[in-house]
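[1] Dropping a prediction and its sequence here:
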Amino acid sequence: MPELRQNRFTKEWVIIATERAKRPKDMVVLRAPRSLPSFDPRCPFCPGNEKSTPPEVLRVTAPNDSRWLVRVVPNKFAALQPELTPRRVVERSHRTVNGFGVHEVVIETSDHSQITPLMPDSQVASVFRALKARCTDLSLDSRIANIIIFKNHGVDAGTSLEHPHSQLIATPVISSQVRSRLHEALRHYDDFGECMFCSAVEEELQDKSRLVVVTDRFVALEPFASFTPFCTHIYPRRHMANFADISGEEITDLARVLRLVLAKLYYGLHDPDFNFTIRSAPAECAGVKYYHWYLSIIPRLTRVAGFELGSGMYINTVLPEAAAEFLREVDVESAAAPDKPQLVTAAAFESGSRG
Ligand SMILES: [Zn+2]
Ligand SMILES: [Zn+2]
């Protein structure tokens with residue numbers, strides 16, 4: 001029987017279409033393997049071509065080594081411009097703000113061929129350190145209302161350059177989608193005196209059926225009302241409204257958890273295109289008790305069609321519980337070294353291991 005589930009954070013409904021249900025492995029994307037050189041002389045993000053990008057705003061280097069690990073540069077084709085002063089104009093029914101904003105690119109590695117699911121954890125941690133530094137810095141700019149961090153991996157996820165990179169866009173307004181999540185979170189806090197996200201994570205830890213990876217600091221899970229197959233959320237277990245409040249130890253662990261989840265998707269579903277985004281509280285909500293940041297990974301396995309566009313409701317053909325079980329059982333270590341014997345991960349998971 002199909003089931004409608006409500007997203008607790010947005011109040012949106014999702015149709016879990018068990019009649020049309022697909023087994024998780026039916027979602028495997030069949031495509032030619034990606035094959036990229038580790039250096040492309042025409043790529044603006046490859047080492048040696050640093051002059052092809054606008055001057056960098058941040059560089060992460062290894063100790064005692066001048067070569068860069070991560071660079072942050074303004075987007076050459078930015079959607080918004082940082083040198084403007086935002087000015088709001090209301091003219092009858094029309095409301096506008098001039099195109100102020102910050103649009104930056106985080107070049108995640110000097111290796112053109114690397115992809116996040118297979119990167120060393122330490123490299124992913126360097127990317128998060130750079131993102132934290134940029135968020136902290138940009139939050140001090142009173143013109144900025146909200147910062148969105150995101151990554152597009154693959155053509156179906158909207159990427160235009162193959163060299164691994166993520167992006168950050170800071171806007172002078174808060175989108176209605178972000179506002180609505182904040183309102184729901186505040187309403188819950190007023191009603192129950194607790195963070196809705198902290199309580200949801202506790203509930204999921206007890207239920208266990210939708211968990212994918214659990215560590216002392218983070219929980220990766222399939223949301224109960226997941227709008228699309230294998231959408232995976234990663235929540236910090238410590239209450240934090242803003243991503244920029246993450247500690248050094250938490251960055252190390254987040255990098256490991258994100259990399260592990262992406263590797264499970266990579267090996268389990270054959271390298272799907274994906275987006276991820278960090279849903280952090282806007283600067284004006286720094287430190288609030290009612291909102292809790294999280295990272296959302298969305299593999300691009302299905303297309304948005306007329307029903308979704310017309311209703312805002314999605315049809316998900318994979319049960320979140322089945323997706324979680326499937327991902328738990330993808331053994332990344334064995335998949336990375338196929339000559340080694342297959343290990344059973346389910347037992348390790350049951351015993352509360354970090355598997
Ligand atoms: Zn490159
Ligand atoms: Zn919380």
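    The structure has been received and is ready for your questions. Ligands and ions are numbered 1, 2, ... in the order given.

[2] Stretch 158-166: end-to-end distance?
    Using CA to CA, to the nearest Å, the end-to-end distance of stretch 158-166 comes to 12 Å.

[3] quick check, that stretch touching ligand 1?
    Yes. Stretch 158-166 reaches ligand 1 (CB under 5 Å from the ion) through His163. Yep, even glycine has a C-beta here, placed from its N, CA and C like the rest.

[4] ok, and what's touching that stretch?
    36, 40, 43-46, 105-109, 111-112, 114-116, 119, 127, 131, 149-153, 273, 275 (CB atoms under 8 Å, 6 or more residues apart in numbering).

[5] Regarding the residue in the stretch 251-355 of the chain that ligand 2 sits nearest to, what is its secondary structure?
    As assessed by CB to the ion, ligand 2 sits closest to His292 within the stretch 251-355 of the chain, at 3.4 Å. What DSSP: H, G, I helix; E, B strand; the rest coil gives for His292 is coil.

[6] ok now do it, which residues does it touch?
    Contacts of His292 (CB under 8 Å, 6+ apart): 185, 195-198, 235-236, 239-241.

[7] and the contacts of stretch 158-166, which of them are in strands?
    105-107, 149-153, 275 (DSSP state E).

[8] still on that earlier bit, between the contacts of His292, which is nearest Thr215?
    Pro236 (10.3 Å; CB to CB).

[9] Local confidence estimate at the most centrally placed residue in the chain?
    Of all residues in the chain, the one closest to the mean position by CA atoms, centre = their mean is Phe276, 2.7 Å from it. As predicted, Phe276 sits at a pLDDT of 97.

[10] these two touch, right, it and Ile298?
    Yes. Phe276 lies in contact with Ile298 (CB atoms under 8 Å); the separation is 7.1 Å.

[11] intersection of neighbour lists for the two?
    Contacts common to Phe276 and Ile298, judged by CB under 8 Å, 6+ apart, are absent.

[12] Can you tell me how far Glu308 is from Glu12?
    Distance, Glu308 to Glu12, by CB to CB, to the nearest Å: 11 Å.

[13] thought Leu260 was touching Val330?
    No. Using CB under 8 Å, Leu260 is not in contact with Val330, being 9.6 Å away.

[14] How is Thr159 assigned, secondary-structure-wise?
    coil.

[15] whoops, Arg8 was the one
    Per three-state DSSP, Arg8 ends up coil.

[16] Which residues of the stretch 51-200 of the chain lie near ligand 1?
    So the stretch 51-200 of the chain meets ligand 1 at 112, 163 (CB under 5 Å from the ion).

[17] near ligand 2, which residues of the stretch 51-200 of the chain show up?
    195, 197-198.

[18] Which strands or helices does the helix ranked longest in the chain pack on?
    Scanning the chain for the longest helix, with DSSP state H as the assignment, gives helix 248-269. The contact analysis (3 or more CB pairs under 8 Å, 6 or more residues apart in numbering; DSSP states H and E) places helix 248-269 against helix 121-139, strand 211-214, strand 218-221, strand 232-236, strand 274-279, strand 294-299, helix 320-329, helix 332-336.

[19] now do 7 Å
    With contacts defined as 3 or more CB pairs under 7 Å, 6 or more residues apart in numbering; DSSP states H and E, the packing partners of helix 248-269 are helix 121-139, strand 211-214, strand 218-221, strand 232-236, strand 294-299, helix 320-329, helix 332-336.

[20] Pairing partners for the third one, with directions?
    Partner strands for strand 218-221, per DSSP bridges, with pairing direction: strand 211-214 (antiparallel), strand 232-236 (antiparallel).

[21] Of these, which is nearest Leu58?
    strand 232-236 (23.0 Å).

[22] mind saving the C-alpha coords of that closest one as PDB?
    Extracted as PDB, the C-alpha positions of strand 232-236 are listed here (Å, rounded to 0.1, in the frame of the first residue of the first chain):
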ATOM      1  CA  THR A 232      20.900  11.300   3.200                       C
ATOM      2  CA  HIS A 233      21.100  13.800   6.000                       C
ATOM      3  CA  ILE A 234      24.200  14.200   8.300                       C
ATOM      4  CA  TYR A 235      23.400  15.900  11.600                       C
ATOM      5  CA  PRO A 236      25.900  17.000  14.300                       C
END
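
[23] how much does that strand deviate in direction from helix 248-269?
    Counting by axes from the mean of the first three to the mean of the last three CA atoms, to 10 degrees, strand 232-236 lies at 170 degrees to helix 248-269.

[24] now what about strand 232-236, what contacts it?
    197, 201, 212, 217-223, 250, 257-258, 261, 292, 294-297 (CB atoms under 7 Å, 6 or more residues apart in numbering).

[25] repeat that with 6 Å
    201, 218-221, 223, 257, 261, 294-297 (CB atoms under 6 Å, 6 or more residues apart in numbering).

[26] Tell me the one among these nearest to ligand 1.
    Lowest distance from ligand 1 to the contacts of strand 232-236 (CB to the ion) belongs to Ile297, with 23.3 Å.

[27] what is the closest one paired to in the beta sheet?
    Thr232, Phe276.
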